[in-house]
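Okay, sequence plus prediction incoming.
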2 protein chains.
Amino acid sequence: MFSTVKKLGFDFRPHVKTHKTVEGTLLELGDGTDFCTKRIVISTLAEAWNLLPLCKSGRIEDILFSMPVVQSRIDELASLSRNVKHLRLMVDNEEQLDSLIRYNEEQKYLPKWSLFVKINMGSDRAGFELESPELRKALKRILSSDSFELYGFYCHAGHSYGCHSIEEAEKVLLDEINSANSAAKIAREYSEFIEPVLSVGATPTAHAAYLYSSSQISEKVYGKIELHAGNFAFCDLQQVGTNCCKLEDVASFVLAEVVSAYPKRGKGPGEELINAGVLGLGRETGPIKGYGKVKFPAEYGKWIVGRVSQEHGVLTVDGDDTMIPVGTKVGIYPQHICIAAACYPWYYVVDGGDEVVDIWVPCRGW
Amino acid sequence: MFSTVKKLGFDFRPHVKTHKTVEGTLLELGDGTDFCTKRIVISTLAEAWNLLPLCKSGRIEDILFSMPVVQSRIDELASLSRNVKHLRLMVDNEEQLDSLIRYNEEQKYLPKWSLFVKINMGSDRAGFELESPELRKALKRILSSDSFELYGFYCHAGHSYGCHSIEEAEKVLLDEINSANSAAKIAREYSEFIEPVLSVGATPTAHAAYLYSSSQISEKVYGKIELHAGNFAFCDLQQVGTNCCKLEDVASFVLAEVVSAYPKRGKGPGEELINAGVLGLGRETGPIKGYGKVKFPAEYGKWIVGRVSQEHGVLTVDGDDTMIPVGTKVGIYPQHICIAAACYPWYYVVDGGDEVVDIWVPCRGW
């Protein structure tokens, strides 16, 4: 990721939501490499407070809270803004601007709120529609207000998780860049010299970024491109399913134990019970079958987590295979590590080996 | 639940996995009522350690660990057995007996392990098949060993969550009772006078238990019937979907906030964004559409959580309706409260009102 953004001259803003740790953040900021960024994205305010030491030391200078402004948290956002050099807020609705202005008036809060405007890339999760009067109205208001600074446009193509090849993901990356750039062009109608940050990315499109060349964008680019991604830190079956990374790139697994065996039950040689269910793996799905897949012992690599309930997982396998002995420790690739990682109060770091070399404690909650 | 088991003369063993709190356990044990039980089921050993004060005080005398014997946790189970009057282990595979015997020999552990034998009710999660040589072999071994005591048979019809009426759930309850009783009959072939506990139940079948009368069981019953259930403490949309309880019986909700609005997006009047996604609600489904459903404000009761990602939930509604104002606090009924509750480090207790009257802190982890 670092070599890609360096080659392309993009800025880089890792999203820390996947691991939520100080240690993981430092790695993503480039510590120990010749790359350095000081900006991050967070999905919860708890993540920011957890990283406060890095804000105090200056290692983090710029935090984007990726959830559009939550009215009841504005006071906490104001506190946070006093603890980090630059706090960026996400907006995708004019009522969020109303809330911020109301807060400023009531609380005599003077600094400008620095805003990313989110554009809906078709995932229909959040964001303004690019070709909408609502976007224009909000931009006009932001650009003419003393309460706001338009910092950038944010495009996250969540539907890129449905890509099946790196080429397909690259097309979605171009969509992200074109959308952010089109929004910037609209903004320039209201403020001639503005050069907003064009923040683009999702792990599949970020994986595809190395294919990008500026000649692929036909229009003039009206701002600096910044790549953001979160899941890439660990990867998982969903990412492997996009064909933008390989199974051996997945850095995370859940360690479970075979608790029982039911020979001849189900389709293959039988089924097995493990002590990891929804609360240890999540109930996430993807193009690769199952709620997880056996990583080791390698000879059982065809087994998947076919069913889950609260604490139980049922391993199943299609076709001929041998049963896994009861008591075997099995490593399971999760479908979606952002969810599976959130099940655990800490992570054991094995650094590719068998030995625990560190323990990372993530923050939890909001 | 208490009046049902009292009327039927059943014993009652609440499963604490749903709430994992001391306070919830005391309510389920009958404190403050004229009912009293001293036995529970746990899904994790952490739940037992969290309830240690109640074991020490004698309020809990009997704990069943519902996950079949996990080899690597036998030493911890031995520790636990020294801290509670009766610890019951679940077995559904002969290899678990091997592990226990091996442990006893290696560690010179002398007490008998008190065992529930689990019967597969067709959910294909765990359990011996009733008509199988494996069950007979295991029973023979348990009943002839100095290391084991056969305490009971455990039947949990997980597929009862798929019932659509109380009558259907009652039939499944009869299946549970008949299966446990058939297993007891088999056990008596190897030990003539044994009277094992017949532990049956799942929240839908427990809800249906009030319809039960002993005349519905044609065979002689070879042991004392004990009802177990977990989810009933809170209930959720999945339970409402069985038609064995009503929406107004659901005691739990997730409080979220409308963060953004997207008029005209989607099918109805538009869609809205809330700050609760998979990590606040889970990704559980059921016969009632959505990953959750609005409880309040009541006028928006038709809105459901149509889509979820890590921290985002998208509210959707079919047909005509009015948009929910941004900033509105919305109460969301979760699909599956055992999963949703596990997302939170504590619960606010409002006791049917608006005021927080208590805070319960559950245990987490395993």
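Now that the structure is in, tell me what you want to look at. As the structure is a computational prediction, the values presented were derived from the model and not from experiment. Residues are numbered from 1 along each chain as shown, chains lettered A, B, ... in the order given.

mind giving me the domain ranges of chain A?
As assigned by the TED database, chain A contains the domains A:1-242, A:252-335.

Now render those as a markdown table, adding mean pLDDT and mean neighbour count.
C-beta: built from backbone N, CA, C; applies to glycine. Formatted as a markdown table, the domains of chain A follow (pLDDT from 0 to 100; neighbours: other Cβ atoms under 10 Å in any protein chain shown):
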| stretch | mean pLDDT | mean neighbour count |
| --- | --- | --- |
| domain A:1-242 | 97 | 20 |
| domain A:252-335 | 97 | 21 |
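
where along chain A do the helices fall?
In chain A, the segments counted as helices under DSSP state H are A:2-8, A:22-29, A:45-50, A:52-56, A:74-81, A:94-107, A:133-143, A:166-190, A:203-208, A:237-241, A:278-281, A:337-341.

residues of the last one that come out buried?
Neighbour counts over helix A:337-341 (16 or more other Cβ atoms under 10 Å in any protein chain shown) mark A:337-341 as buried.

ok, and which of those residues reach chain B?
Contacts with chain B within these, as defined by Cβ under 8 Å from any Cβ of the partner chain: A:338-339.

Show me which residues of the stretch 1-150 of chain A sit near chain B.
Selection of the stretch 1-150 of chain A residues close to chain B by Cβ under 8 Å from any Cβ yields A:17, A:43-44, A:67-72, A:92-93, A:95-96, A:99, A:120, A:124-126.

can you tell me how far the nearest residue to A:Leu54 once chain neighbours are set aside sits from A:Phe234?
Closest residue in space to A:Leu54, ignoring its immediate chain neighbours: A:Ile60 at 4.4 Å, by Cβ to Cβ, 6 or more residues apart in numbering or on different chains. Note on A:Ile60: its distance to A:Phe234, by Cβ to Cβ, to the nearest Å, is 20 Å.

Equivalent analysis for A:Glu189, please.
To A:Phe234, A:Glu189 is 41 Å away according to Cβ to Cβ.

contacting residues for the residue of chain A positioned farthest from its centre?
Most distant from the centre of chain A: A:Lys264, at 40.7 Å, with distances by Cα atoms, centre = their mean. A:Lys264 makes contacts with A:Gly270, as judged by Cβ atoms under 8 Å, 6 or more residues apart in numbering or on different chains.

can you give me phi and psi for it?
Main-chain torsions, A:Lys264, degrees, to the nearest 10: phi 70, psi -10.

cool, and A:Ile194?
Dihedral pair for A:Ile194: phi -70, psi 140, per degrees, to the nearest 10.

That one reaches A:Leu143, doesn't it?
Yes. Look at A:Ile194 against A:Leu143 with Cβ atoms under 8 Å: they come within range, at 7.3 Å.

Not counting its neighbours along the chain, what's nearest A:Gly319?
With sequence-adjacent residues excluded and distances taken as Cβ to Cβ, 6+ apart, A:Gly319 is closest to A:Gly268, at 6.0 Å.

Spell out the residue ranges of the strands in the stretch 251-366 of chain A.
A:254-263, A:270-274, A:292-296, A:304-308, A:313-316, A:329-334, A:347-349, A:358-360 (DSSP state E, counting those that start in this stretch).

Against which helices or strands is the fifth one packed?
Using 3 or more Cβ pairs under 8 Å, 6 or more residues apart in numbering or on different chains; DSSP states H and E as the contact test, the elements touching strand A:313-316 are strand A:270-274, strand A:304-308.

List the residues that contact the residue nearest to A:Gly319.
For A:Gly268, the contact set (Cβ under 8 Å, 6+ apart) comprises A:316-321.

repeat that with 6 Å
Neighbour list for A:Gly268: A:317-318, A:321 [criterion: Cβ atoms under 6 Å, 6 or more residues apart in numbering or on different chains].

Distance of it relative to chain B?
From A:Gly268 over to chain B the distance is 13 Å, taken as Cβ to the nearest Cβ, to the nearest Å.

Keep the contacts of A:Gly268, but drop any that are not near chain B.
Residues of the contacts of A:Gly268 in contact with chain B (Cβ under 6 Å from any Cβ of the partner chain): none.

Quick check: of these, which lies closest to chain B?
Relative to chain B, the closest of the contacts of A:Gly268 is A:Val317; by Cβ to the nearest Cβ it sits at 14.5 Å.

OK, contacts around the closest one?
Per Cβ under 6 Å, 6+ apart, neighbours of A:Val317: A:268, A:302-303.

Just confirm the residue nearest to A:Leu54 contacts A:Leu52, I think it does.
No. Using Cβ atoms under 6 Å, A:Ile60 is not in contact with A:Leu52; the gap is 9.0 Å.

Skipping adjacent residues, who's closest to the residue nearest the centre of chain A in space?
Nearest to the geometric centre of chain A sits A:Gly230, at 3.1 Å (Cα atoms, centre = their mean). Once flanking residues are discounted, A:Gly230 sits nearest to A:His15: 3.1 Å by Cβ to Cβ, 6+ apart.

could you list every residue that touches the one you found?
With Cβ under 6 Å, 6+ apart, A:His15 has these contacts: A:41, A:228, A:230.

For the first one, give the beta-bridge partners.
Going back to what we said before, that points to A:Val41. Per DSSP bridges, residues listed as beta-bridge partners of A:Val41: A:His15, A:Leu64.

Can you tell me how far it is from chain B?
Distance check for A:Val41 against chain B: by Cβ to the nearest Cβ, it reads 12 Å.

Run through the residues that contact that residue.
A:Val41 is in contact with A:13, A:15, A:64, A:66, A:228, counting by Cβ under 6 Å, 6+ apart.

Looking at these, which is nearest A:Gly331?
When the contacts of A:Val41 are ranked by distance to A:Gly331 (Cβ to Cβ), A:His15 comes first, at 25.3 Å.

measure the closest one to chain B for me?
Separation of A:His15 from chain B (Cβ to the nearest Cβ) stands at 10 Å.

Would you agree A:Lys20 is in contact with A:Ala48?
No. A:Lys20 sits out of contact with A:Ala48 when judged by Cβ under 6 Å, with a separation of 10.5 Å.

how about the contacts of A:Val41, which pair is most distant?
Pairwise distances across the contacts of A:Val41 peak at 10.1 Å for A:Arg13 and A:Ser66 (criterion: Cβ to Cβ).

What sits closest to A:Arg307 if chain neighbours are left out?
Nearest one to A:Arg307, counting by Cβ to Cβ, 6+ apart, is A:Val314 at 4.2 Å.
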